[in-house]
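[1] Everything below, folded, please.
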Amino acid sequence: MTTSVEKKPLHKQLYIQVLAGIVLGALVGSFFPEFATNPWVKALGDGFIKLIKMMIAPIIFCTVVSGIAHIQDAKQVGRVGIRALVYFEVVSTFALAIGLLIGNVLKPGEGFGGAGANADAVSKFTAQAHEMKSIDFVMNIIPDSLIGAFAKGDILQVLLVAILFGFALMMLSERGHAVRSFLDDITHTIFTIINIIMKAAPLGAFGAMAFTVGKYGAASLGSMAGLIATFYLTAIVFVVGVLGIIAKIAGFNIFKFVAYIKDELLLVMGTSSSESALPQLMQKLEKMGCAKSVVGLVVPAGYSFNLDGTNIYMTLATLFIAQAMGVDLTLGQQMTILVVAMLTSKGASGITGAGFITLAATLGVVNPALVPGMAIVFGIDKFMSECRALTNFTGNGVAAVVVSWWEGALDREAMKRELG
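    You can find the predicted model right below:
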């Protein structure tokens, strides 16, 4: 059956435009670093990310509330949540274990000649990490006020408010029909705003990439190439191996799924933030047959509980720093990395730099002597944040499909049509 929608010319397709912005940004950053590090160039990337982030709280609130409010059985919501958390923890453990395994086999930190030089910047990050550790995680989920959750843009707080609101509408039954309809209309409006903002995605990708390359330079990657290559290799092994097997069990092909979300992946690569493409991912997942109620719960929760790329990064970076500093980690200490990283990663929400902060928290618990070694990876952290974000993003997309399949709420015909 043919579709009535005409395919856009290549130059009008968003992912081509974003890719062009990334390539152009890298070239400008390499050959015109003074121009690329101009605050106005940086503002292109930062401004685009802020435009997207300002829509995250309302889109999560509306989709979660709508998903719950349209469910007649409250037990189904609890069941989806429990299954999602079980899936998150199992897959996150695989991500941590693969990072440890490959880090021990390839030993990217052995023979490293010295530490990085940016001690002041590292101490700032370390202070932030210790501040994170001192926060009571459970209390931090509860906002100071209903509006405060939206003002801070804290995903977990907004998620809590949305769940309470959704259950309230469910309990109101017919009396809540008008509010449900209103929220559905608001949701469509918000997605329309997102589509308007996405017109600026190529500019945002250009600004972010140009500033990164212009500031750090390709030469700064020299001695760190081993760690970067090991990290990217491990992420690929995880996506193709672990997520690929999970996808096959659920009845879809991981390569076709990655191709299906290529527009969003390129956007994530250009901005180093997996949040930048969250609304579009949720739309695509629903279009490919995932239940709206599952997508509305699993994807937002995954941004705090299912950070596979961040988990891989923390285990690999910890081993790299230990190897570079000549510190032998015992099997017990490496098992501690698994446990500690599983907890500290819950504070990283897919935002650029969050993985580096959680790394500080992990190092401080495993072996405080390793904390100064963060200076070794500080200069290249930005170049690994793209891979963290891409892996986190892909993992959350797969999670929504798998939980929908687990719930028996996956439209196989729609999935076959979209992935085909």
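[2] buried set for the helix of greatest length in the chain?
    Taking DSSP state H as the assignment, the helix of the chain that covers the most residues is helix 74-106. Along helix 74-106, these residues count as buried under the neighbour rule (16 or more other C-beta atoms under 10 Å): 76-77, 80, 83-84, 87-88, 91-92, 94-100, 102-103, 106. Heads up, the C-betas are built off the backbone N, CA and C, glycines and all.
[3] do stretch 280-288 as well
    Buried residues in stretch 280-288 (16+ other C-beta under 10 Å): 280-286, 288.
[4] Of those residues, which belong to strands?
    Residues of the buried residues of stretch 280-288 located in strands (DSSP state E): none.
[5] Nearest to residue 297, out of those residues: which one, please.
    residue 282 (10.9 Å; C-beta to C-beta).
[6] who touches that closest one in this structure?
    59, 63, 295-296, 299 (C-beta atoms under 8 Å, 6 or more residues apart in numbering).
[7] so residue 44 touches residue 204, yeah?
    Yes. With contact defined as C-beta atoms under 8 Å, residue 44 reaches residue 204; the gap is 6.0 Å.
[8] more neighbours, those two?
    More neighbours surround residue 204 than the other of residue 44 and residue 204, with 29 against 23 (other C-beta atoms under 10 Å).
[9] Find the nearest non-adjacent residue to the more buried one, please.
    Excluding the flanking residues, the one nearest residue 204 by C-beta to C-beta, 6 or more residues apart in numbering is residue 48, at 2.6 Å.
[10] hang on, the one you found packs against residue 199?
    No. Residue 48 is beyond contact range of residue 199, at 10.3 Å (criterion: C-beta under 8 Å).
[11] When these two are compared, which one has more neighbours?
    Higher neighbour count among residue 48 and residue 199: residue 48, with 26 against 10, using other C-beta under 10 Å.
[12] Could you say which helix or strand holds the more buried one?
    If you go by DSSP states H and E, residue 48 is part of helix 39-69.
[13] Which elements pack onto that helix?
    If you count contacts as 3 or more C-beta pairs under 8 Å, 6 or more residues apart in numbering; DSSP states H and E, helix 39-69 packs onto helix 146-152, helix 155-172, helix 177-197, helix 201-216, helix 262-271, helix 278-287, helix 292-305.
[14] Which among these is found nearest to residue 242?
    Per C-beta to C-beta, nearest to residue 242 of the helices and strands packed on helix 39-69: helix 292-305, 15.3 Å.
[15] Run the chain-centre distance for that closest one.
    Put simply, helix 292-305 sits 12 Å off its chain's centre (C-alpha atoms, centre = their mean, to the nearest Å).
[16] so for it, what's the average pLDDT?
    Helix 292-305 shows a mean pLDDT of 80 in the predicted model.
[17] May I have the phi/psi pair for residue 32?
    Backbone torsions of residue 32, given as degrees, to the nearest 10, read phi -130, psi 60.
[18] what inclination does the helix holding residue 48 have with respect to helix 292-305?
    Put simply, helix 39-69 runs at 130 degrees to helix 292-305, going by axes from the mean of the first three to the mean of the last three C-alpha atoms, to 10 degrees.
[19] Would you mind measuring from the nearest residue to residue 314 once chain neighbours are set aside to residue 36?
    Nearest residue to residue 314, sequence neighbours excluded (C-beta to C-beta, 6+ apart): residue 341, at 4.4 Å. Going from residue 341 to residue 36 by C-beta to C-beta, to the nearest Å gives 34 Å.
[20] In terms of neighbours, single out the busier of the two.
    residue 341 (30 against 24).
[21] That one: what's it in contact with?
    96, 311, 314-315, 318, 358, 362.
[22] any idea which of those residues is least confident?
    Here the lowest pLDDT out of those sits on residue 358, with 65.
[23] picking up where we left off before, out of the contacts of residue 341, who's nearest residue 164?
    Distance to residue 164 across the contacts of residue 341 (C-beta to C-beta) is lowest for residue 358, with 28.0 Å.
[24] who's in contact with residue 80?
    Applying C-beta under 8 Å, 6+ apart, the residues near residue 80 are 293-294, 297-298, 403, 407.
[25] hmm, try it at 7 Å
    Neighbour list for residue 80: 293-294, 297, 403, 407 [criterion: C-beta atoms under 7 Å, 6 or more residues apart in numbering].
[26] Check residue 309 too.
    Taking C-beta under 7 Å, 6+ apart, we find residue 309 in contact with 235, 387-392.
[27] Name the member of those residues with the shortest distance to residue 170.
    Lowest distance from residue 170 to these (C-beta to C-beta) belongs to residue 392, with 30.4 Å.
[28] count of residues packed around the closest one?
    Residue 392: 31 neighbours (other C-beta under 10 Å).
[29] buried residues in the helix or strand containing it?
    Using DSSP H and E, residue 392 falls within helix 381-407. Applying a neighbour-count criterion of 16+ other C-beta under 10 Å, one finds 381-407 buried in helix 381-407.
[30] likewise stretch 411-420?
    Neighbour counts over stretch 411-420 (16+ other C-beta under 10 Å) mark 411, 415, 418-419 as buried.
[31] Need the contact partners of it.
    Stretch 411-420 is contacted from outside by 252-253, 256-257, 260, 287-289, using C-beta under 7 Å, 6+ apart.
[32] rewinding a little: so of the contacts of residue 341, which ones are in helices?
    If you go by DSSP H, the contacts of residue 341 have 96, 311, 314-315, 318, 358, 362 in helices.
[33] residue contacts, residue 29?
    Residue 29 touches 36, 209-214, counting by C-beta under 7 Å, 6+ apart.
[34] hmm, 10 Å instead?
    35-37, 41, 206, 208-218 (C-beta atoms under 10 Å, 6 or more residues apart in numbering).
[35] of the residues you listed, buried ones?
    36-37, 41, 206, 208-214, 216.
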